[in-house]
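Q: predicted model, plus sequence, below.
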Amino acid sequence: MFNSGLHLDNLFSGRTSRRRILQQATLFGVSAAIAACGRSGQQASQSTAIREVKFTHGLGLCNMPLFYSVETDLFKERNVKGSLSMTIGAGDSAVQLASGQVEMAVTPYTNALAAYTNSPSFQIVAGSGVEGLMLISSPEVKTIADLKGKKLGTAQADTLEIMAFDYLKANNLTYDDVEVVYFGDSFETTAAMINGDIAACTLIEPYSTSVLNQINGNRLGDGIDLYGQAYPDCVLAARKDFIEQEPEIVKNVIKTFFEAQYQIENNFSKAAEVTINKYYKTEMENLLTAAQAQPPGVDIRDKRDFMFARSDSMLALNYISKAPDDDFVNFSLLDEVISANPELWERVKVKSSMT
């Protein structure tokens, strides 16, 4: 069963309409993509000291490397200026990237997967944040089996929804057993849980911690028991034309993300201070607690197959009509950064087992 969220007004009325909506959203930005190509060529030819890169992003802790790099001027150390473009709702970051409105994005890999199959104009080049997806419930819902007949809130085509779908499947439940309610962003989902409008939801950090503290609810799953340690959530993606024309700039962004990860891992209190309120609307205590659940992770080279495997769930939900091709993920620049700057890789805590 499906229902709309607080402001979606039945935008998604059924499974067959989902792919059509995503296609329309992607195709809407074709003219922007053409304009972006022109801008990219102009920028590449200019001999400016600082290269401005336009990013889009989401709301969760998995975006912390980007937010931290902007607020502490880490980008400038590598002649980059990070310019942030706000998104309207969950999943919009991938659409903005696919349509050429931005050059790079931090976005859930599942939203990227859906956008890519409609417009293969970008590639995942690195990670940003790992783990941190939570399936939480009201006090009376103590197990996933208890969700039967209840309202389950989530974000459309997001890693949050795919995890919800996978958890239900692992517990012999389907969408026919619950009423799925879609919300536009984490703030809507948070409000619905606190108000008792839904019995459970999948939510990102730091908002899941905030909700649990307020309603004394239950954490039914954190994804680790389902996917394993260090599963990816948000990834760093770049447009193909940007990668081809200015690979050194893309590598400088990856280097900056490594530096941000190192500093966040070693002084999260500082990271929290420079990002709270502006990016994270929660109490400091909640943010500090949530940090343990969703650390930054730039090197996700060993999670390539994991991301491709999630296309099975995307196909089952009719978000895509085919699996993405191999070009969806391109870790060649990440490999080059690690090879040329081994110290960046060696000192971070969360990283792949690949060398």
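A: Ah, there it is.

Q: tell me which residues in stretch 102-122 are buried?
A: Within stretch 102-122, the residues scored as buried using 16 or more other C-beta atoms under 10 Å are 102-119, 121-122. Bear in mind the C-beta positions are built from the backbone N, C-alpha and C, glycine included.

Q: kindly format the C-alpha coordinates of it as PDB.
A: Listed in PDB are the C-alpha atoms of stretch 102-122, where the atom choice follows Å, rounded to 0.1, in the frame of the first residue of the first chain:
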ATOM      1  CA  VAL A 102      25.700  21.400 -10.900                       C
ATOM      2  CA  GLU A 103      29.100  19.800 -11.600                       C
ATOM      3  CA  MET A 104      29.300  17.600  -8.500                       C
ATOM      4  CA  ALA A 105      27.000  16.200  -5.900                       C
ATOM      5  CA  VAL A 106      26.900  14.400  -2.600                       C
ATOM      6  CA  THR A 107      23.800  12.200  -3.100                       C
ATOM      7  CA  PRO A 108      22.400   8.800  -1.900                       C
ATOM      8  CA  TYR A 109      23.700   6.200  -4.400                       C
ATOM      9  CA  THR A 110      20.300   4.800  -5.000                       C
ATOM     10  CA  ASN A 111      18.900   8.200  -6.200                       C
ATOM     11  CA  ALA A 112      22.000   8.500  -8.300                       C
ATOM     12  CA  LEU A 113      21.300   5.000  -9.700                       C
ATOM     13  CA  ALA A 114      17.800   6.000 -10.700                       C
ATOM     14  CA  ALA A 115      18.900   9.300 -12.300                       C
ATOM     15  CA  TYR A 116      21.800   7.600 -14.100                       C
ATOM     16  CA  THR A 117      19.600   5.000 -15.900                       C
ATOM     17  CA  ASN A 118      17.600   7.900 -17.400                       C
ATOM     18  CA  SER A 119      20.500  10.200 -18.000                       C
ATOM     19  CA  PRO A 120      24.000   8.600 -17.900                       C
ATOM     20  CA  SER A 121      25.700  12.000 -17.700                       C
ATOM     21  CA  PHE A 122      27.700  11.500 -14.400                       C
END
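
Q: return the distance of it from the chain's centre.
A: Distance of stretch 102-122 from its chain centroid, counting by C-alpha atoms, centre = their mean, to the nearest Å, is 10 Å.

Q: just the mean pLDDT for that stretch, thanks.
A: For stretch 102-122, mean pLDDT is 95.

Q: just stretch 147-161 next, same as before
A: Mean pLDDT, stretch 147-161: 95.

Q: can you mark which positions in it are buried?
A: Neighbour-count burial for stretch 147-161 [16+ other C-beta under 10 Å]: 147, 150-161.

Q: give the buried residues for the top helix by length along the chain.
A: Counting residues, the longest helix found in the chain (DSSP state H) is helix 247-266. The neighbour-count check on helix 247-266 (16+ other C-beta under 10 Å) flags 249-265 as buried.

Q: break down the stretch 51-200 of the chain into its strands, ranges please.
A: 51-56, 80-85, 104-108, 122-130, 133-137, 151-154, 179-182, 200-204 (DSSP state E, counting those that start in this stretch).

Q: hey, which of the ones you listed is tucked in deepest?
A: strand 104-108 (a mean of 30; mean count of other C-beta atoms under 10 Å).

Q: what's that one packed up against?
A: strand 51-56, helix 92-98, strand 232-239 (3 or more C-beta pairs under 8 Å, 6 or more residues apart in numbering; DSSP states H and E).

Q: strands paired with it, and their directions?
A: strand 51-56 (parallel), strand 232-239 (antiparallel) (DSSP bridges).

Q: can I get those strands in JSON lines with distance to Asp326 and mean pLDDT?
A: Formatted as JSON lines, the strands paired with strand 104-108 follow (distance: least, C-beta to C-beta, whole Å; pLDDT from 0 to 100):
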{"stretch": "strand 51-56", "distance to Asp326": "24", "mean pLDDT": "96"}
{"stretch": "strand 232-239", "distance to Asp326": "15", "mean pLDDT": "97"}
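
Q: could you list the domains of this structure?
A: 2-12+133-227, 15-131+231-346 (automatic domain parsing).

Q: distance from the chain centre to the first one, please.
A: Here domain 2-12+133-227 is found 17 Å from its chain centre; the criterion is C-alpha atoms, centre = their mean.

Q: again with the last one
A: In terms of C-alpha atoms, centre = their mean, the centre of domain 15-131+231-346 is found 8 Å from the chain centre.

Q: if the most centrally placed residue in the chain is in a bridge, with which residues?
A: Nearest to the mean C-alpha position of the chain, counting by C-alpha atoms, centre = their mean, stands Pro108 at 2.5 Å. Judged by DSSP bridges, the bridge partners of Pro108 are Cys234.

Q: show me what contacts it?
A: 58, 62, 90-91, 94, 158-160, 233-235 (C-beta atoms under 8 Å, 6 or more residues apart in numbering).

Q: and if you look at Glu346?
A: Glu346 neighbours (C-beta under 8 Å, 6+ apart): none.

Q: ok, now how distant is it from Asp299?
A: Distance of Glu346 to Asp299, computed by C-beta to C-beta, to the nearest Å: 11 Å.

Q: now swap in Gln229 and tell me
A: 14 Å.

Q: okay, the closest residue to Met86 other than its chain neighbours and Asn171: tell me how far apart.
A: Counting by C-beta to C-beta, 6 or more residues apart in numbering, Met86 lies nearest to Thr56, which is 7.8 Å off, once chain neighbours are set aside. Note on Thr56: its distance to Asn171, by C-beta to C-beta, is 34 Å.

Q: circling back to that earlier point, distance to Ser69 added to the helices and strands packed on strand 104-108, as CSV?
A: Output for the helices and strands packed on strand 104-108, formatted as CSV (distance: least, C-beta to C-beta, whole Å):
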stretch, distance to Ser69
strand 51-56, 10
helix 92-98, 16
strand 232-239, 11
